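**Q** Give me the fold of what follows.
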Amino acid sequence: METQVWLDASCFQPPAMDAAPSWVLLNNKAGSTNSDNATTAYAITSAGRTIKVTFCLASPPSVSHLHVHYTDSQREHFDSANAEVASSAKDLILLRCSTWRQPRDVEYFVYHAAAGKPSLRAIPCPPMPSTRDVTSSCFAVLPLVDDEDDGREFLLAFLITAVEYYPAVAYDLRVFSSKTWAWSIRALTPPAGIRSDDMPHIFDKVIALGGSVIGWVDLRHVGGIIACMRRA
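**A** Got it, this is the predicted structure:
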């Protein structure tokens, strides 16, 4: 079923602000308005087309909106209505954009909301088994705090059940580092003595658990959280 995102005209003219808010309530579904402001940033897709991202910010409790626009006239490659926020943390936002003709073909972009110099970078897709679909809710973007990188460096983490070990349960953690610009795969094995039926299998969302710990949540499973500690 095709999904369309319709935004009221007021979305494009939010209430005036004396200064940009320190935080916002962001609609995670993107619109496709072609507009420019101080938040606008550009990147190149794998097909060589230019993608433009602009935020229409509003002070809470008003809702802020994201707009994704493809600057060339050919729209065969992407459908702006299928662009969405996959994850966010501090001033980093991971965007997931699916294609119009092949909804399962996706590309990822990381937006850095640096004051006066926002940026948008295309991210290579994680290595995945051909039988496993990549869903946006399984991603986490994790800023790497470093005085020398101006907050631009980050990790992306994605956790899936390793189906090749079935009926035993094990997990593969895909980690992308902006410093190496590459994905790595780490096998995670539950402690001995835990039954596979007691472990979560399909992950619906990622949550912050405090400090450097994040958790993948299986909403269909009682106690279904896999916790991982962030490492650079």
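
**Q** ok but Arg186 is inside a helix, no?
**A** No: in this structure, Arg186 is strand, not part of a helix, as judged by DSSP: H, G, I helix; E, B strand; the rest coil.

**Q** Give the burial count for the nearest residue to it once chain neighbours are set aside, as a bare number.
**A** The shortest distance from Arg186 to any residue other than its chain neighbours is 4.5 Å, reached at Leu173 (Cβ to Cβ, 6 or more residues apart in numbering). For every residue, glycine as well, the C-beta is placed using N, CA and C. By the measure other Cβ atoms under 10 Å, the count of residues near Leu173 is 17.

**Q** How about the contacts made by Leu173?
**A** Ala157, Phe158, Leu159, Ile185, Arg186, Ala187, Leu188, Cys228 (Cβ atoms under 8 Å, 6 or more residues apart in numbering).

**Q** Now for the third one: which residues touch it?
**A** Residues counted as contacts of Leu159 (Cβ under 8 Å, 6+ apart) are Cys138, Tyr171, Asp172, Leu173, Arg174, Leu188, Phe203, Trp216, Ile226, Cys228.

**Q** Go through the residues you listed and name the one nearest Lys52.
**A** Ranked by distance to Lys52 (Cβ to Cβ), these are led by Cys138 at 26.6 Å.

**Q** pretty sure the closest one is in contact with Ile202, am I right?
**A** No: in this structure, Cys138 is not within contact of Ile202 by Cβ atoms under 8 Å, at 9.2 Å.

**Q** Looking at the two now, which is surrounded by more residues?
**A** Taking neighbours as other Cβ under 10 Å, Cys138 and Ile202 compare with Cys138 leading, 22 against 14.

**Q** Now for this protein, the helix or strand with the poorest mean pLDDT.
**A** Across the helices and strands of the chain, mean confidence by mean pLDDT, DSSP states H and E is lowest for strand 78-89: a mean of 75.

**Q** I'd like to know how far the residue in the chain sticking out farthest from the centre sits from Val110.
**A** Within the chain, the residue lying farthest from the chain centre (Cα atoms, centre = their mean) is Gly193, at 34.4 Å. Taking Cβ to Cβ, to the nearest Å as the measure, Gly193 falls 39 Å from Val110.

**Q** What of Leu159?
**A** Leu159 is 18 Å from Val110, where distance means Cβ to Cβ.

**Q** likewise Ser184?
**A** Separation of Ser184 from Val110 (Cβ to Cβ): 17 Å.

**Q** So between those two, which is more surrounded?
**A** Legend: neighbour count by other Cβ under 10 Å for Ser184 and Val110, higher for Val110 (22 against 12).
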